[in-house]
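1. take this sequence and fold it.
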Amino acid sequence: MQRMAHIGIDARLPYYRDGGISTYVRRLIRALEQLDAHNDYTIFHRRGAPETLTQRFRRADLWTPAHHRLERLALSIELAPRRLDLFHSVDFIPPYRAARVHIITVHDLTFLHYPQYLTTESRRYYNGQIRAAVAQARHILADSDSTRHDLIAMLNVPPEKITVHLLGVGEQYKPLPAARIAPILAGYGLSPSYLLHVGTWEPRKNIPALLRAYRELLLTHADLPPLVLVGRRGWHYDDLRAECDAIGLGKRVLWLDSVPDEHLPALYNGALLNLTVSFYEGFGLPALEGMACGVVPIVSNRSSLPEIVGQVGLLVDPEDDASIATAIHRGLHDNAWRAEQQAAATRRASAFTWEACARTALDVYRAALGQSA
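-> Alright, predicted model coming up:
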């Protein structure tokens, strides 16, 4: 009988920041609890975190803050007494030494592609450590083939050292009846059939181009639905918001800050189109969540986004405002096409599950530990 291993997962990030990586941490742990009854797990939270991310696995608290300049050293010292066989760093950067085997997840390489979109502190944290991190890791999990390709091309990581595990979509994201979404939309002053963008408000998301395309459409379509931007403040938010305000769309654009997670399915369901025109995405979870709700995606033709949407929706050039405007126009006015795409969206989204994501991670753990499946 193969030996039980002690596996640690770094789950400190959700204490500091919500978003796609925090969703990944929560859902990966939840799925692993269902899949692995053999190994012993410790889930490491930030000390004082009110949310416990595990029901069956052991919780332990750490003092070391996420993204601190001395994080790798401090985390190594804190984890040394834990006698871990494997430690999974779910947010890129592992400690110097915490276990016999280190696994990391690389979600994207935005900081290498677009360093100007990060704060100086964030550039220092990621750019200064990513090469050491990928060299140290026994194996790397990547969110998409796009990120895998970037790791090979930009950091010379051997292809056999990387495994892709596409993220999943939560069961709460699905088509909902109008009566269920109406009260939630009303709380935000909305009626169905608006344009939607979901994501952190930061330069990488290319929101100014989306607003410029929207403004161009307004010149010939006075009845254009409102544009709803659901997100939270990210890197360089103040500069981004000033640029957006200068475009001068006033009340035609609604900024919804820090919307509760439980409201997101209704907000997706109320949209006619789901717009993700980012310069770069490691995965693009909002595009997938929208498709699961039956909303047609319009996404950039770059990075992972074409990989996620497949043949559903429309691809646009994020640096061409006219391309974005043309796609929105078709999505709004080609009703037969939009109905076909709505059905295709839910079919496409059903292939992405957190169970499959976690099962691939577990296979990587077992291979690294020398365990049989």
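
2. which parts of the stretch 101-250 of the chain are helices?
-> Per DSSP state H, counting those that start in this stretch, the stretch 101-250 of the chain has helices spanning 110-113, 120-127, 130-136, 145-155, 178-187, 207-218, 237-247. These are given in chain order.

3. now mean pLDDT too, for these, in TSV please.
-> As requested, the helices of the stretch 101-250 of the chain are arranged in TSV below (pLDDT from 0 to 100):
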stretch	mean pLDDT
helix 110-113	91
helix 120-127	84
helix 130-136	96
helix 145-155	97
helix 178-187	97
helix 207-218	94
helix 237-247	82
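
4. nearest to Ala322, out of these?
-> In this view, the helices of the stretch 101-250 of the chain are compared for proximity to Ala322 by CB to CB, and helix 207-218 is the closest at 7.5 Å. Heads up, the C-betas are built off the backbone N, CA and C, glycines and all.

5. what angle do helix 237-247 and that closest one make with each other?
-> 10 degrees (axes from the mean of the first three to the mean of the last three CA atoms, to 10 degrees).

6. buried sites along helix 207-218?
-> When neighbours are counted by 16 or more other CB atoms under 10 Å, the buried residues of helix 207-218 are found to be 207, 209-217.

7. pLDDT weak spots in this protein?
-> 1 (pLDDT under 70).

8. tell me which of the helices of the stretch 101-250 of the chain lies nearest to Leu62.
-> Between Leu62 and the helices of the stretch 101-250 of the chain, the tightest spacing by CB to CB is seen for helix 120-127, at 17.6 Å.

9. how far away from the center of its chain is the closest one?
-> Going by CA atoms, centre = their mean, to the nearest Å, the spacing between the C-alpha centre of helix 120-127 and its chain's C-alpha centre is 19 Å.

10. buried residues, the helix or strand hosting Leu332. List them.
-> Assigned by DSSP states H and E, Leu332 belongs to helix 321-333. Residues of helix 321-333 classed as buried under the neighbour-count rule (16+ other CB under 10 Å) are 321, 323-329, 331-332.

11. check stretch 83-93 too.
-> Buried-residue list, stretch 83-93, by 16+ other CB under 10 Å: 84-93.

12. same thing with stretch 336-348?
-> Judged by neighbour count using 16+ other CB under 10 Å, the buried positions of stretch 336-348 are 338, 341-342, 344-346, 348.

13. what ranges do the strands span in the stretch 51-200 of the chain?
-> Under the criterion DSSP state E, counting those that start in this stretch, the stretch 51-200 of the chain carries strands at the ranges 58-62, 84-89, 99-106, 139-142, 162-164, 194-198.

14. what pairs with the third one, parallel or antiparallel?
-> Next to strand 99-106 in the sheet, as set by DSSP bridges, lie strand 84-89 (parallel), strand 139-142 (parallel).

15. quick one, it and helix 145-155 angle?
-> Here strand 99-106 runs at 110 degrees with respect to helix 145-155, directions being taken by the same axes, to 10 degrees.

16. now strand 99-106, how far from the centre of its chain.
-> Centre-to-centre, strand 99-106 and its host chain are 20 Å apart (CA atoms, centre = their mean).

17. contacts for it, please.
-> If you take CB atoms under 8 Å, 6 or more residues apart in numbering as the criterion, strand 99-106 is touched by 8, 24, 79, 84-94, 130, 133-134, 136-143, 147, 151, 282, 361, 364-365, 368-369.

18. compile the buried residues of helix 321-333 into CSV and extend it with columns for distance to Pro115.
-> CSV is the format used below for these (distance: CB to CB, whole Å):
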residue, distance to Pro115
Asp321, 24
Ser323, 25
Ile324, 25
Ala325, 29
Thr326, 31
Ala327, 29
Ile328, 30
His329, 34
Gly331, 33
Leu332, 36
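
19. I'm done for today, thanks for sticking with me.
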